[in-house]
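> No sequence on hand, only this structure:
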(Lines give C-alpha, C1' and ligand atoms only; values in the text may rest on other atoms or scores of the structure.)
Protein backbone atom coordinates (compact mmCIF):
# COMPACT_ATOMS: atom_id res chain seq x y z
CA UNK A 1 0.00 0.00 0.00
CA UNK A 2 2.83 2.40 0.90
CA UNK A 3 4.60 1.55 -2.37
CA UNK A 4 1.46 2.33 -4.41
CA UNK A 5 1.11 5.63 -2.56
CA UNK A 6 4.76 6.36 -3.34
CA UNK A 7 4.17 5.81 -7.09
CA UNK A 8 1.06 7.99 -7.00
CA UNK A 9 2.95 10.91 -5.42
CA UNK A 10 5.76 10.60 -7.99
CA UNK A 11 3.25 10.52 -10.83
CA UNK A 12 1.46 13.59 -9.50
CA UNK A 13 4.74 15.48 -9.19
CA UNK A 14 5.65 14.63 -12.80
CA UNK A 15 2.26 15.94 -14.02
CA UNK A 16 2.70 19.17 -12.03
CA UNK A 17 6.18 19.70 -13.46
CA UNK A 18 4.90 19.18 -17.01
CA UNK A 19 2.05 21.64 -16.43
CA UNK A 20 4.54 24.15 -15.05
CA UNK A 21 6.73 23.81 -18.15
CA UNK A 22 3.76 24.28 -20.51
CA UNK A 23 2.55 27.37 -18.63
CA UNK A 24 6.06 28.82 -18.63
CA UNK A 25 6.27 28.26 -22.39
CA UNK A 26 3.07 30.17 -23.02
CA UNK A 27 4.29 33.03 -20.83
CA UNK A 28 7.67 33.52 -22.50
CA UNK A 29 6.90 32.33 -26.06
CA UNK A 30 6.23 34.83 -28.84
CA UNK A 31 2.78 34.90 -30.49
CA UNK A 32 4.22 33.28 -33.61
CA UNK A 33 5.71 30.38 -31.62
CA UNK A 34 2.40 29.78 -29.89
CA UNK A 35 0.51 29.85 -33.19
CA UNK A 36 2.96 27.39 -34.74
CA UNK A 37 2.62 25.05 -31.74
CA UNK A 38 -1.17 25.13 -31.88
CA UNK A 39 -1.13 24.59 -35.64
CA UNK A 40 1.20 21.60 -35.39
CA UNK A 41 -0.99 19.98 -32.71
CA UNK A 42 -4.41 20.58 -34.22
CA UNK A 43 -3.66 20.48 -37.98
CA UNK A 44 -6.67 22.67 -38.38
CA UNK A 45 -7.64 22.20 -42.02
CA UNK A 46 -10.33 24.83 -41.81
CA UNK A 47 -7.86 27.57 -40.92
CA UNK A 48 -5.41 26.43 -43.58
CA UNK A 49 -8.07 26.67 -46.25
CA UNK A 50 -7.80 30.49 -46.22
CA UNK A 51 -9.87 33.51 -45.33
CA UNK A 52 -12.81 33.35 -47.65
CA UNK A 53 -15.95 31.30 -47.18
CA UNK A 54 -16.65 30.82 -50.88
CA UNK A 55 -17.41 27.78 -52.94
CA UNK A 56 -15.30 26.83 -55.97
CA UNK A 57 -17.46 28.89 -58.31
CA UNK A 58 -17.05 31.99 -56.16
CA UNK A 59 -20.50 31.91 -54.55
CA UNK A 60 -20.57 32.99 -50.91
CA UNK A 61 -22.12 30.57 -48.49
CA UNK A 62 -24.14 33.33 -46.78
CA UNK A 63 -27.30 34.18 -48.69
CA UNK A 64 -28.58 37.67 -49.37
CA UNK A 65 -31.46 36.89 -47.05
CA UNK A 66 -28.99 36.59 -44.19
CA UNK A 67 -27.43 39.95 -45.13
CA UNK A 68 -30.81 41.65 -44.77
CA UNK A 69 -30.19 41.51 -41.01
CA UNK A 70 -27.24 43.88 -41.48
CA UNK A 71 -29.38 46.53 -43.14
CA UNK A 72 -30.83 48.22 -40.09
CA UNK A 73 -32.39 51.68 -40.11
CA UNK A 74 -31.21 53.90 -37.29
CA UNK A 75 -34.37 56.03 -37.01
CA UNK A 76 -38.10 55.95 -37.60
CA UNK A 77 -39.73 59.25 -38.52
CA UNK A 78 -43.53 59.68 -38.36
CA UNK A 79 -45.08 62.53 -40.35
CA UNK A 80 -48.74 63.58 -40.07
CA UNK A 81 -51.08 65.59 -42.26
CA UNK A 82 -50.35 68.75 -40.26
CA UNK A 83 -46.67 68.55 -41.22
CA UNK A 84 -45.46 67.50 -37.75
CA UNK A 85 -42.61 65.06 -37.21
CA UNK A 86 -41.69 62.59 -34.48
CA UNK A 87 -38.59 60.37 -34.26
CA UNK A 88 -37.73 57.10 -32.52
CA UNK A 89 -34.86 54.62 -32.46
CA UNK A 90 -36.96 51.88 -30.86
CA UNK A 91 -35.43 48.50 -31.71
CA UNK A 92 -38.76 46.76 -32.17
CA UNK A 93 -40.03 49.29 -34.71
CA UNK A 94 -36.75 49.40 -36.63
CA UNK A 95 -36.46 45.61 -36.68
CA UNK A 96 -40.02 45.34 -38.05
CA UNK A 97 -38.88 47.24 -41.15
CA UNK A 98 -36.71 44.30 -42.20
CA UNK A 99 -39.68 41.96 -42.00
CA UNK A 100 -41.93 44.33 -43.94
CA UNK A 101 -39.41 44.93 -46.73
CA UNK A 102 -38.98 41.18 -47.15
CA UNK A 103 -42.74 40.58 -47.42
CA UNK A 104 -43.84 43.44 -49.68
CA UNK A 105 -45.87 42.24 -52.72
CA UNK A 106 -44.19 44.10 -55.58
CA UNK A 107 -46.16 44.61 -58.79
CA UNK A 108 -43.74 43.19 -61.33
CA UNK A 109 -45.95 44.20 -64.24
CA UNK A 110 -45.20 47.87 -63.62
CA UNK A 111 -41.84 49.59 -63.87
CA UNK A 112 -39.99 51.48 -61.16
CA UNK A 113 -40.22 55.23 -61.84
CA UNK A 114 -38.38 58.28 -60.50
CA UNK A 115 -39.53 61.64 -59.16
CA UNK A 116 -37.54 64.72 -58.15
CA UNK A 117 -37.08 64.74 -54.38
CA UNK A 118 -38.41 68.29 -53.92
CA UNK A 119 -41.53 67.44 -55.91
CA UNK A 120 -42.12 64.33 -53.78
CA UNK A 121 -41.74 66.25 -50.52
CA UNK A 122 -44.17 68.91 -51.69
CA UNK A 123 -46.77 66.40 -52.92
CA UNK A 124 -46.65 64.40 -49.67
CA UNK A 125 -46.52 67.33 -47.23
CA UNK A 126 -50.18 66.78 -46.26
CA UNK A 127 -49.95 62.97 -46.08
CA UNK A 128 -49.41 60.56 -43.22
CA UNK A 129 -46.22 58.60 -43.79
CA UNK A 130 -43.45 56.60 -42.13
CA UNK A 131 -39.85 57.35 -43.00
CA UNK A 132 -36.98 55.05 -42.05
CA UNK A 133 -33.56 56.71 -42.21
CA UNK A 134 -30.21 54.96 -42.53
CA UNK A 135 -26.85 56.16 -41.26
CA UNK A 136 -25.45 56.15 -44.78
CA UNK A 137 -26.30 55.05 -48.31
CA UNK A 138 -27.23 51.45 -49.13
CA UNK A 139 -27.85 49.60 -52.38
CA UNK A 140 -31.10 47.89 -53.37
CA UNK A 141 -29.01 44.88 -54.50
CA UNK A 142 -28.72 43.94 -50.81
CA UNK A 143 -32.40 43.01 -50.63
CA UNK A 144 -33.05 39.55 -51.98
CA UNK A 145 -36.78 40.17 -52.58
CA UNK A 146 -36.65 43.66 -54.07
CA UNK A 147 -38.55 44.60 -57.26
CA UNK A 148 -36.75 43.00 -60.25
CA UNK A 149 -36.12 46.39 -61.90
CA UNK A 150 -33.65 47.30 -59.15
CA UNK A 151 -32.76 43.94 -57.60
CA UNK A 152 -29.82 43.07 -59.86
CA UNK A 153 -26.45 44.64 -59.23
CA UNK A 154 -26.26 46.38 -62.63
CA UNK A 155 -29.69 47.97 -62.07
CA UNK A 156 -29.36 48.63 -58.32
CA UNK A 157 -30.01 52.09 -56.88
CA UNK A 158 -28.51 53.73 -53.83
CA UNK A 159 -30.79 55.16 -51.16
CA UNK A 160 -30.69 56.34 -47.55
CA UNK A 161 -34.38 56.54 -46.67
CA UNK A 162 -37.40 54.26 -47.08
CA UNK A 163 -40.90 55.80 -47.03
CA UNK A 164 -44.33 54.17 -46.57
CA UNK A 165 -47.15 56.64 -47.41
CA UNK A 166 -50.47 55.71 -45.83
CA UNK A 167 -52.96 54.62 -48.49
CA UNK A 168 -50.42 54.51 -51.35
CA UNK A 169 -49.73 51.42 -53.43
CA UNK A 170 -45.98 52.10 -53.71
CA UNK A 171 -42.78 51.92 -51.73
CA UNK A 172 -40.51 54.97 -51.97
CA UNK A 173 -36.71 54.82 -51.83
CA UNK A 174 -35.09 58.24 -51.34
CA UNK A 175 -31.61 59.09 -52.56
CA UNK A 176 -30.61 62.42 -51.01
CA UNK A 177 -27.33 62.50 -52.96
CA UNK A 178 -29.12 62.23 -56.32
CA UNK A 179 -32.17 64.25 -55.21
CA UNK A 180 -34.35 61.45 -56.53
CA UNK A 181 -37.18 59.27 -55.26
CA UNK A 182 -37.62 55.77 -56.69
CA UNK A 183 -41.29 54.76 -56.72
CA UNK A 184 -41.50 50.99 -56.45
CA UNK A 185 -45.02 49.71 -57.37
CA UNK A 186 -46.91 47.29 -55.12
CA UNK A 187 -49.91 45.17 -56.12
CA UNK A 188 -52.02 46.49 -53.25
CA UNK A 189 -52.24 49.39 -50.78
CA UNK A 190 -49.47 49.66 -48.22
CA UNK A 191 -52.17 49.63 -45.52
CA UNK A 192 -53.00 46.03 -46.44
CA UNK A 193 -49.37 44.95 -46.19
CA UNK A 194 -47.97 46.57 -43.06
CA UNK A 195 -49.57 47.33 -39.72
CA UNK A 196 -49.27 51.09 -40.20
CA UNK A 197 -51.20 51.93 -37.05
CA UNK A 198 -48.81 49.83 -34.94
CA UNK A 199 -45.98 52.14 -35.93
CA UNK A 200 -48.09 55.28 -35.45
CA UNK A 201 -49.17 54.10 -32.00
CA UNK A 202 -45.61 54.68 -30.80
CA UNK A 203 -45.93 58.43 -31.44
CA UNK A 204 -46.66 59.33 -27.81
CA UNK A 205 -43.34 57.76 -26.77
CA UNK A 206 -41.35 59.51 -29.49
CA UNK A 207 -39.34 62.73 -29.65
CA UNK A 208 -40.72 65.68 -31.59
CA UNK A 209 -38.26 66.69 -34.30
CA UNK A 210 -37.90 69.19 -37.10
CA UNK A 211 -36.32 68.70 -40.54
CA UNK A 212 -33.10 70.53 -41.44
CA UNK A 213 -31.38 70.45 -44.82
CA UNK A 214 -27.63 69.81 -44.52
CA UNK A 215 -25.20 69.26 -47.38
CA UNK A 216 -25.89 65.48 -47.31
CA UNK A 217 -29.64 66.08 -47.41
CA UNK A 218 -32.51 66.41 -45.00
CA UNK A 219 -31.96 65.25 -41.40
CA UNK A 220 -34.14 65.49 -38.30
CA UNK A 221 -33.12 67.14 -35.04
CA UNK A 222 -34.93 67.24 -31.70
CA UNK A 223 -36.94 70.27 -30.59
CA UNK A 224 -36.61 69.55 -26.87
CA UNK A 225 -33.87 68.47 -24.47
CA UNK A 226 -33.43 64.70 -24.14
CA UNK A 227 -31.91 62.41 -21.52
CA UNK A 228 -29.57 59.57 -22.49
CA UNK A 229 -27.58 57.38 -20.11
CA UNK A 230 -23.79 57.48 -19.97
CA UNK A 231 -22.65 53.85 -20.07
CA UNK A 232 -19.56 52.14 -18.64
CA UNK A 233 -17.99 48.96 -20.01
CA UNK A 234 -15.10 46.68 -19.20
CA UNK A 235 -12.35 47.18 -21.79
CA UNK A 236 -11.27 43.91 -23.38
CA UNK A 237 -8.54 43.07 -25.86
CA UNK A 238 -8.11 40.13 -28.18
CA UNK A 239 -4.53 38.73 -28.03
CA UNK A 240 -2.29 38.91 -31.10
CA UNK A 241 -2.34 35.11 -31.37
CA UNK A 242 -6.07 35.28 -32.02
CA UNK A 243 -5.61 37.51 -35.08
CA UNK A 244 -2.60 35.57 -36.34
CA UNK A 245 -4.57 32.34 -36.29
CA UNK A 246 -7.53 33.93 -38.07
CA UNK A 247 -5.68 36.00 -40.69
CA UNK A 248 -2.73 33.83 -41.73
CA UNK A 249 -3.32 30.59 -43.62
CA UNK A 250 0.20 29.24 -42.88
CA UNK A 251 1.07 30.18 -39.27
CA UNK A 252 4.30 28.19 -39.37
CA UNK A 253 5.68 30.61 -42.00
CA UNK A 254 4.98 33.84 -40.10
CA UNK A 255 7.94 36.19 -39.58
CA UNK A 256 7.84 38.44 -36.52
CA UNK A 257 9.18 41.98 -37.01
CA UNK A 258 7.74 43.49 -33.83
CA UNK A 259 9.33 46.39 -31.98
CA UNK A 260 8.40 48.62 -29.05
CA UNK A 261 5.84 50.53 -31.10
CA UNK A 262 4.20 47.84 -33.21
CA UNK A 263 3.55 44.13 -33.34
CA UNK A 264 4.26 43.37 -37.00
CA UNK A 265 4.01 40.08 -38.86
CA UNK A 266 4.56 38.95 -42.44
CA UNK A 267 4.04 35.68 -44.36
CA UNK A 268 3.40 34.91 -48.02
CA UNK A 269 1.91 38.27 -48.96
CA UNK A 270 -0.05 38.57 -45.68
CA UNK A 271 0.88 41.56 -43.51
CA UNK A 272 -0.41 42.52 -40.07
CA UNK A 273 0.48 45.52 -37.89
CA UNK A 274 -1.01 46.21 -34.45
CA UNK A 275 -0.13 49.36 -32.54
CA UNK A 276 1.21 48.56 -29.06
CA UNK A 277 -0.18 51.90 -27.88
CA UNK A 278 -3.66 52.25 -29.42
CA UNK A 279 -4.17 48.60 -30.50
CA UNK A 280 -5.38 49.75 -33.90
CA UNK A 281 -5.04 46.87 -36.34
CA UNK A 282 -4.25 46.99 -40.06
CA UNK A 283 -4.07 43.93 -42.28
CA UNK A 284 -3.45 43.39 -45.99
CA UNK A 285 -3.00 40.37 -48.18
CA UNK A 286 -2.14 39.47 -51.75
CA UNK A 287 -5.40 39.11 -53.72
CA UNK A 288 -4.05 37.89 -57.06
CA UNK A 289 -6.32 34.83 -56.82
CA UNK A 290 -9.49 36.87 -56.17
CA UNK A 291 -12.67 36.08 -58.11
CA UNK A 292 -15.12 38.72 -59.37
CA UNK A 293 -18.35 38.58 -57.34
CA UNK A 294 -21.46 40.72 -56.82
CA UNK A 295 -21.74 43.62 -54.39
CA UNK A 296 -23.74 41.66 -51.85
CA UNK A 297 -21.29 38.77 -52.06
CA UNK A 298 -18.44 41.17 -51.22
CA UNK A 299 -20.42 42.34 -48.22
CA UNK A 300 -21.01 38.72 -47.27
CA UNK A 301 -17.27 37.99 -47.36
CA UNK A 302 -16.48 41.02 -45.22
CA UNK A 303 -19.13 40.04 -42.71
CA UNK A 304 -17.74 36.50 -42.55
CA UNK A 305 -14.40 37.92 -41.48
CA UNK A 306 -15.96 40.42 -39.07
CA UNK A 307 -17.85 37.53 -37.45
CA UNK A 308 -14.55 35.84 -36.58
CA UNK A 309 -13.36 38.79 -34.55
CA UNK A 310 -16.45 40.26 -32.95
CA UNK A 311 -18.66 38.06 -30.77
CA UNK A 312 -21.43 40.65 -30.32
CA UNK A 313 -22.20 40.91 -34.06
CA UNK A 314 -25.72 42.21 -33.51
CA UNK A 315 -24.29 45.52 -32.27
CA UNK A 316 -22.37 46.12 -35.51
CA UNK A 317 -24.28 47.50 -38.49
CA UNK A 318 -23.39 47.90 -42.15
CA UNK A 319 -23.16 51.69 -42.35
CA UNK A 320 -21.62 52.36 -45.78
CA UNK A 321 -20.61 50.72 -49.04
CA UNK A 322 -18.50 52.68 -51.52
CA UNK A 323 -18.99 50.90 -54.82
CA UNK A 324 -16.19 52.68 -56.71
CA UNK A 325 -13.56 51.56 -54.18
CA UNK A 326 -15.34 48.40 -52.92
CA UNK A 327 -14.95 49.76 -49.39
CA UNK A 328 -17.35 48.42 -46.76
CA UNK A 329 -17.75 50.01 -43.32
CA UNK A 330 -19.39 48.54 -40.24
CA UNK A 331 -20.13 50.71 -37.21
CA UNK A 332 -20.82 49.77 -33.62
CA UNK A 333 -24.22 50.77 -32.24
CA UNK A 334 -25.42 50.66 -28.64
CA UNK A 335 -29.15 51.04 -28.03
CA UNK A 336 -29.42 52.01 -31.72
CA UNK A 337 -27.13 54.99 -31.12
CA UNK A 338 -23.92 55.10 -33.20
CA UNK A 339 -20.58 55.01 -31.36
CA UNK A 340 -17.65 57.26 -32.36
CA UNK A 341 -14.10 56.76 -31.13
CA UNK A 342 -10.42 56.92 -32.11
CA UNK A 343 -8.22 54.27 -33.73
CA UNK A 344 -11.09 52.28 -35.27
CA UNK A 345 -12.54 51.19 -31.90
CA UNK A 346 -16.04 51.82 -33.27
CA UNK A 347 -15.50 51.06 -36.98
CA UNK A 348 -14.31 48.15 -39.07
CA UNK A 349 -13.34 49.09 -42.63
CA UNK A 350 -12.85 46.48 -45.36
CA UNK A 351 -11.45 47.11 -48.83
CA UNK A 352 -12.46 44.25 -51.10
CA UNK A 353 -10.87 42.85 -54.23
CA UNK A 354 -13.44 40.49 -55.68
CA UNK A 355 -14.23 37.81 -53.12
CA UNK A 356 -11.17 38.55 -50.97
CA UNK A 357 -10.40 41.13 -48.31
CA UNK A 358 -7.49 43.19 -49.63
CA UNK A 359 -7.24 45.52 -46.65
CA UNK A 360 -8.76 45.66 -43.16
CA UNK A 361 -8.65 48.37 -40.49
CA UNK A 362 -10.22 47.76 -37.08
CA UNK A 363 -9.26 47.59 -33.40
CA UNK A 364 -8.07 44.76 -31.18
CA UNK A 365 -10.04 46.43 -28.37
CA UNK A 366 -13.68 45.63 -27.70
CA UNK A 367 -16.40 46.25 -25.14
CA UNK A 368 -18.97 43.60 -24.20
CA UNK A 369 -19.57 43.66 -20.44
CA UNK A 370 -21.60 46.66 -19.29
CA UNK A 371 -21.42 47.75 -15.65
CA UNK A 372 -25.08 48.62 -15.13
CA UNK A 373 -24.61 50.19 -11.69
CA UNK A 374 -22.32 52.86 -13.20
CA UNK A 375 -24.89 54.15 -15.73
CA UNK A 376 -25.70 57.85 -15.31
CA UNK A 377 -28.45 59.96 -16.92
CA UNK A 378 -27.11 62.94 -18.88
CA UNK A 379 -29.26 65.73 -20.27
CA UNK A 380 -28.45 66.95 -23.78
CA UNK A 381 -29.48 70.25 -25.32
CA UNK A 382 -32.10 70.11 -28.06
CA UNK A 383 -31.01 69.72 -31.65
CA UNK A 384 -32.44 73.13 -32.49
CA UNK A 385 -30.26 74.71 -29.77
CA UNK A 386 -27.22 72.80 -31.05
CA UNK A 387 -27.85 74.05 -34.59
CA UNK A 388 -28.23 77.62 -33.34
CA UNK A 389 -24.87 77.32 -31.53
CA UNK A 390 -23.25 76.20 -34.75
CA UNK A 391 -24.78 79.09 -36.69
CA UNK A 392 -23.58 81.56 -34.04
CA UNK A 393 -20.07 80.18 -34.41
CA UNK A 394 -19.90 80.48 -38.19
CA UNK A 395 -21.20 77.06 -39.29
CA UNK A 396 -23.98 77.31 -41.83
CA UNK A 397 -26.11 74.16 -42.36
CA UNK A 398 -24.85 74.05 -45.95
CA UNK A 399 -21.31 73.51 -44.53
CA UNK A 400 -22.47 70.66 -42.30
CA UNK A 401 -23.02 67.19 -43.73
CA UNK A 402 -24.90 65.69 -40.81
CA UNK A 403 -25.65 66.19 -37.13
CA UNK A 404 -26.91 63.62 -34.63
CA UNK A 405 -26.62 62.31 -31.08
CA UNK A 406 -23.94 59.65 -30.77
CA UNK A 407 -21.94 57.92 -28.06
CA UNK A 408 -18.38 59.19 -27.67
CA UNK A 409 -15.95 56.40 -26.72
CA UNK A 410 -13.63 57.74 -23.98
CA UNK A 411 -11.24 56.20 -21.48
CA UNK A 412 -12.60 56.29 -17.96
CA UNK A 413 -10.73 58.64 -15.59
CA UNK A 414 -11.40 56.06 -12.87
CA UNK A 415 -9.57 53.12 -14.46
CA UNK A 416 -7.69 52.32 -17.66
CA UNK A 417 -9.63 49.05 -17.79
CA UNK A 418 -12.93 50.86 -18.24
CA UNK A 419 -14.47 52.64 -21.23
CA UNK A 420 -17.29 55.15 -20.99
CA UNK A 421 -19.78 55.91 -23.74
CA UNK A 422 -20.80 59.54 -23.29
CA UNK A 423 -23.83 60.75 -25.28
CA UNK A 424 -23.35 64.08 -27.01
CA UNK A 425 -24.12 65.88 -30.25
CA UNK A 426 -21.84 64.93 -33.12
CA UNK A 427 -21.29 67.03 -36.23
CA UNK A 428 -20.01 65.75 -39.58
CA UNK A 429 -18.08 68.14 -41.81
CA UNK A 430 -15.53 67.46 -44.55
CA UNK A 431 -16.26 63.76 -44.15
CA UNK A 432 -15.15 63.71 -40.50
CA UNK A 433 -17.16 63.52 -37.26
CA UNK A 434 -16.57 66.00 -34.40
CA UNK A 435 -18.11 66.32 -30.96
CA UNK A 436 -20.01 69.61 -30.71
CA UNK A 437 -17.99 70.61 -27.62
CA UNK A 438 -14.77 70.35 -29.67
CA UNK A 439 -15.77 72.85 -32.35
CA UNK A 440 -17.79 75.29 -30.22
CA UNK A 441 -16.48 77.05 -27.12
CA UNK A 442 -19.16 76.18 -24.57
CA UNK A 443 -17.89 78.56 -21.86
CA UNK A 444 -20.43 81.18 -22.97
CA UNK A 445 -23.30 78.69 -23.09
CA UNK A 446 -23.28 77.13 -19.63
CA UNK A 447 -27.05 76.59 -19.68
CA UNK A 448 -26.72 74.39 -22.78
CA UNK A 449 -23.81 72.22 -21.70
CA UNK A 450 -24.09 68.48 -21.16
CA UNK A 451 -25.65 68.05 -17.71
CA UNK A 452 -25.18 65.26 -15.17
CA UNK A 453 -28.65 64.88 -13.65
CA UNK A 454 -27.50 62.48 -10.95
CA UNK A 455 -24.75 64.80 -9.65
CA UNK A 456 -26.83 67.90 -10.43
CA UNK A 457 -23.93 69.61 -12.18
CA UNK A 458 -22.44 70.30 -15.60
CA UNK A 459 -20.67 67.24 -17.02
CA UNK A 460 -16.90 67.61 -16.58
CA UNK A 461 -15.27 66.99 -19.99
CA UNK A 462 -11.92 68.16 -18.61
CA UNK A 463 -11.67 64.95 -16.57
CA UNK A 464 -11.38 63.12 -19.90
CA UNK A 465 -9.47 65.48 -22.20
CA UNK A 466 -6.77 68.09 -21.70
CA UNK A 467 -7.21 69.66 -25.13
CA UNK A 468 -9.49 68.20 -27.79
CA UNK A 469 -10.44 71.48 -29.46
CA UNK A 470 -10.95 71.07 -33.23
CA UNK A 471 -9.91 67.41 -33.01
CA UNK A 472 -12.11 64.81 -34.74
CA UNK A 473 -13.54 62.05 -32.57
CA UNK A 474 -12.37 59.38 -35.01
CA UNK A 475 -8.70 60.24 -35.36
CA UNK A 476 -6.52 57.35 -36.53
CA UNK A 477 -3.01 56.28 -35.56
CA UNK A 478 -0.15 55.70 -37.99
CA UNK A 479 -0.45 51.91 -37.86
CA UNK A 480 -1.18 51.91 -41.60
CA UNK A 481 2.26 53.43 -42.22
CA UNK A 482 3.83 50.69 -40.11
CA UNK A 483 2.06 48.12 -42.26
CA UNK A 484 3.27 49.74 -45.47
CA UNK A 485 6.84 49.91 -44.21
CA UNK A 486 6.66 46.23 -43.37
CA UNK A 487 5.51 45.32 -46.85
CA UNK A 488 8.11 47.47 -48.56
CA UNK A 489 10.89 47.33 -46.01
CA UNK A 490 14.38 45.92 -46.32
CA UNK A 491 13.85 43.49 -43.42
CA UNK A 492 11.35 41.33 -45.31
CA UNK A 493 13.49 41.33 -48.43
CA UNK A 494 16.61 40.47 -46.45
CA UNK A 495 14.89 37.53 -44.74
CA UNK A 496 13.56 36.26 -48.03
CA UNK A 497 17.05 36.44 -49.57
CA UNK A 498 18.49 34.51 -46.61
CA UNK A 499 15.83 31.82 -46.98
CA UNK A 500 16.57 31.55 -50.70
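Perfect, thanks for sending it. Here the structure is a predicted model, which means the values were calculated and not measured. Numbers count the residues shown, from 1 in each chain.
> which SSE is the residue nearest to the spatial centre of the chain in?
Geometric centre of the chain, nearest residue: residue 331, 1.1 Å, by CA atoms, centre = their mean. Take DSSP states H and E as the rule and residue 331 turns out to sit in strand 327-334.
> That strand: partners in the sheet, and parallel or antiparallel?
Using DSSP bridges, the strands paired with strand 327-334 are strand 316-322 (antiparallel), strand 337-340 (antiparallel), strand 347-353 (antiparallel).
> how about these, which one is nearest residue 219?
Among the strands paired with strand 327-334, the nearest to residue 219 by CB to CB is strand 337-340 (13.3 Å). Heads up, the C-betas are built off the backbone N, CA and C, glycines and all.
> Show residues contacting that closest one.
Strand 337-340 has contacts (CB atoms under 8 Å, 6 or more residues apart in numbering) with 74, 89, 135, 228, 319, 331-333, 345-346, 404-409, 421, 423, 426, 433, 435, 473-474.
> So which residues make contact with the strand holding residue 331?
Among residues not part of strand 327-334, those counted as contacts by CB under 8 Å, 6+ apart are 72, 74, 135-136, 231, 298-299, 302-303, 306, 315-322, 338-339, 345-352, 407, 421.
> Ok, stretch 171-190 next?
104-107, 110-118, 120, 131, 137, 140, 146-147, 149-150, 157-170, 193, 196, 216-218.
> roughly how far is the strand holding residue 331 from the heart of the chain?
1 Å (CA atoms, centre = their mean, to the nearest Å).
> Repeat that for stretch 328-345.
Taking CA atoms, centre = their mean, one finds the center of stretch 328-345 at 5 Å from the center of the full chain.
> sorry, back to before: distance-wise, check the residue nearest to the centre of the chain relative to residue 375.
22 Å (CB to CB, to the nearest Å).
> mean confidence for stretch 409-424?
For stretch 409-424, mean pLDDT rounds to 95.
> And it, how far out from the chain middle?
Its chain's C-alpha centre and that of stretch 409-424 lie 19 Å apart, by CA atoms, centre = their mean.
> Can you get me the start-to-end distance on it?
11 Å (CA to CA, to the nearest Å).
> Tell me the buried residues in that stretch?
409-412, 418-424 (16 or more other CB atoms under 10 Å).
> which residues make contact with that stretch from outside it?
Contacts to stretch 409-424, defined as CB under 8 Å, 6+ apart, come from residues 228-235, 334, 337, 339-342, 345-346, 367, 371, 378, 380, 405-408, 435-437, 450, 459, 463-465.
> Of the residues you listed, which belong to strands?
Among the contacts of stretch 409-424, DSSP state E puts 228-235, 334, 337, 339-340, 367, 378, 380, 405-408, 435 in strands.
> what's near enough to touch residue 400?
So residue 400 contacts 214-215, 390, 427-429 (CB under 8 Å, 6+ apart).
> Now those in CSV, please, with extra columns for neighbour count, distance to residue 274 and pLDDT.
CSV is the format used below for the contacts of residue 400 (neighbours: other CB atoms under 10 Å; distance: CB to CB, whole Å; pLDDT from 0 to 100):
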residue, neighbour count, distance to residue 274, pLDDT
214, 21, 36, 93
215, 14, 36, 90
390, 21, 37, 95
427, 25, 31, 96
428, 20, 28, 94
429, 18, 31, 91
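> Just the terminal-to-terminal distance for stretch 81-90.
End to end - CA to CA - stretch 81-90 spans 23 Å.
> An error on my part: the question was meant for stretch 349-358.
Span of stretch 349-358 from end to end, CA to CA: 11 Å.
> sorry, back to before: do you know the pLDDT at the closest residue to the residue nearest to the centre of the chain other than its chain neighbours?
Leaving aside its chain neighbours, residue 331 sits nearest to residue 319 (4.1 Å; criterion: CB to CB, 6 or more residues apart in numbering). For residue 319, the pLDDT comes out at 83.
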